[in-house]
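Peer 1: Mind looking at a prediction? Sequence and model below.
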Amino acid sequence: MLLEDKIQQLVKPIADELGVEILKVVLGGGKQVRLVKVIVDCKGGVIAEHLARISRGLALQMDVEDYIPGKYNLEVTTPGFEWPLQTQADFDRYLGDWIQVVLEHGPAIEGENLGLDGEEFSLRNEKGKVREFNLSEVVRVTRAVNWSAISRAGKNK
């Protein structure tokens, strides 16, 4: 079993208790100090308290199991806006969020994530027009900020 999988098994009960999904466990760093990065998220976002609880619980378990000899740095974080939406779980987690679709040719397109169905997903732009895409025809899909909506909301205060 890979070390990443062992670490994921350690953190899973904590994440499940908090209603948080483990997106990825990444090992890095150098020979002197290893980096253990655990990326988590959930619908609506993860609060700082959850990150701290996962970090404390996992650190205690890793010290007991001693999977990583010597020193290591543990980082428990959220994926950020750069995290690519690729799976059903990704599209479900960010359903209703503003996303950006990068095509191989042409400008990036933004709109509200209306969900993934099989290989097809759709978004609704600011004017209400719905556009459908196949995952195979896009280079990348990420979350984005709807600056126009933020600007309008600021003007309405």
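Peer 2: That came through fine.

Peer 1: and Arg143, what is it in contact with?
Peer 2: By Cβ atoms under 8 Å, 6 or more residues apart in numbering, Arg143 lies in contact with 81, 83, 85, 94, 97-100. Placement of C-beta: from N, CA and C, glycine included.

Peer 1: how about the host helix or strand of Asp90: buried residues?
Peer 2: Assigned by DSSP states H and E, Asp90 belongs to helix 88-93. Neighbour-count burial for helix 88-93 flags 90-91, 93 (criterion: 16 or more other Cβ atoms under 10 Å).

Peer 1: got it, and stretch 131-148?
Peer 2: In stretch 131-148, counting by 16+ other Cβ under 10 Å, buried: 133, 138, 141-144, 146.

Peer 1: Would you map the strands across the protein?
Peer 2: Taking DSSP state E, the strands of the chain run over residues 21-29, 33-41, 71-77, 98-103, 109-117, 120-124, 130-134, 138-143.

Peer 1: Could you point out which residue ranges in the protein have low pLDDT?
Peer 2: Within the chain, the segments meeting pLDDT under 70 span 149-157.

Peer 1: Return the distance of the residue lying closest to Gln32 once chain neighbours are set aside relative to Ile39.
Peer 2: Distances taken as Cβ to Cβ, 6 or more residues apart in numbering put Lys71 closest to Gln32, at 6.9 Å, once the chain neighbours are dropped. To Ile39, Lys71 is 21 Å away according to Cβ to Cβ, to the nearest Å.

Peer 1: More neighbours: which of the two?
Peer 2: Using other Cβ atoms under 10 Å, the more surrounded residue of Lys71 and Ile39 is Ile39, with 17 against 9.

Peer 1: would you turn the strands of the chain into JSON lines with distance to Leu51?
Peer 2: Below are the strands of the chain laid out as JSON lines (distance: least, Cβ to Cβ, whole Å):
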{"stretch": "strand 21-29", "distance to Leu51": "12"}
{"stretch": "strand 33-41", "distance to Leu51": "7"}
{"stretch": "strand 71-77", "distance to Leu51": "5"}
{"stretch": "strand 98-103", "distance to Leu51": "23"}
{"stretch": "strand 109-117", "distance to Leu51": "24"}
{"stretch": "strand 120-124", "distance to Leu51": "29"}
{"stretch": "strand 130-134", "distance to Leu51": "32"}
{"stretch": "strand 138-143", "distance to Leu51": "18"}
